[in-house]
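Asks: Fold the stuff below for me.
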Amino acid sequence: MVDGTADWYWPYAEELGIKTMVAAPTWKAELGVIAKKHPKLRLIIDNMGILAGTKDDAIELWTSSTAALSVHRNIYVKLSAVPCYTTDVYPFHNVTQYVRAMVHKMGPQRCFWGSDLTRRFGRGLTYTQAIEHFTKHIGFSETELEFVMGRGICDCLEWPIE
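Replies: Numbering: from 1, shown residues only. The predicted structure follows:
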């Protein structure tokens with residue numbers, strides 16, 4: 001993304017309507033440039049843009065730089081792998097503020113829940129807990145939950161809601 005290797009991809013993805021998910025915690029400025037240059041291209045940032053291995057309050061640096069991309073209406077964020085970024089136990093209260101701040105800044109329509117459960121197997125987190133972390137412990141409104149827990153990603157990917 002930074003050396004021009006992928007430059008050919010962005011206009012084609014934009015033209016063909018290919019939604020692109022990226023794990024790019026250190027390339028947010030570049031994502032902003034790409035989003036601005038290709039306004040019809042939908043970019044979805046994985047794991048709130050947090051650098052792997054970052055924990056607890058240190059994630060604020062990464063989440064705030066991701067949230068700053070909210071000016072680009074074609075950038076979306078997966079709120080996935082949240083338990084991987086905390087040393088706290090379920091329901092991970094010490095990172096709630098960062099999840100809420102992301103949804104506040106980006107809007108619930110552009111924030112998508114994701115369990116990233118495969119990274120949590122063997123660590124005691126159940127799928128039910130992964131869901132209930134968002135539905136019961138973060139304090140989202142019904143409207144926020146509707147978008148974060150499924151409607152937003154369906155709208156972004158242009159999937160029918162049945």
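
Asks: pLDDT on stretch 49-60, on average?
Replies: Across stretch 49-60, pLDDT averages out at 97.

Asks: first to last residue in that stretch, what's the distance?
Replies: End-to-end distance of stretch 49-60 (C-alpha to C-alpha, to the nearest Å): 10 Å.

Asks: before we move on, what about stretch 134-153?
Replies: In stretch 134-153, first residue to last residue: 15 Å (C-alpha to C-alpha).

Asks: Show me what counts as buried in that stretch.
Replies: 134, 138, 140, 144-145, 147-149, 151-153 (16 or more other C-beta atoms under 10 Å). From N, CA and C alone the C-beta is placed, and that goes for glycine too.

Asks: Cross those residues against helices and list the overlap.
Replies: Using DSSP state H, 134, 144-145, 152-153 are the members of the buried residues of stretch 134-153 that sit in helices.

Asks: and which of those is nearest K19?
Replies: Using C-beta to C-beta, I153 is the member of these that lies nearest K19, at 9.6 Å.

Asks: Distance of the closest one relative to W113?
Replies: Here the criterion is C-beta to C-beta, to the nearest Å. By it, I153 lies 8 Å from W113.

Asks: Check E30 too.
Replies: E30 sits 26 Å away from W113 when distances are taken as C-beta to C-beta.

Asks: V95 too?
Replies: 14 Å.

Asks: ok so, going back, return the member of the ones in helices among the buried residues of stretch 134-153 nearest to V77.
Replies: Nearest to V77, judged by C-beta to C-beta, of these is G152 at 9.8 Å.

Asks: How about the contacts made by the closest one?
Replies: 76, 108-112 (C-beta atoms under 8 Å, 6 or more residues apart in numbering).

Asks: which pair in the residues you listed spans the largest distance?
Replies: Pairwise distances across the contacts of G152 (C-beta to C-beta) peak at 11.0 Å, for the pair Y76 and P108.

Asks: These two: who's more crowded?
Replies: Y76 (24 against 20; other C-beta atoms under 10 Å).

Asks: any idea which helix or strand carries that one?
Replies: For Y76, the host element (DSSP states H and E) is strand 75-80.

Asks: got it, and K36?
Replies: Here K36, judged by DSSP H and E, is contained in helix 28-37.

Asks: My guess is W10 contacts K37. True?
Replies: Yes. Here W10 reaches K37: they are 7.1 Å apart, a contact under C-beta atoms under 8 Å.
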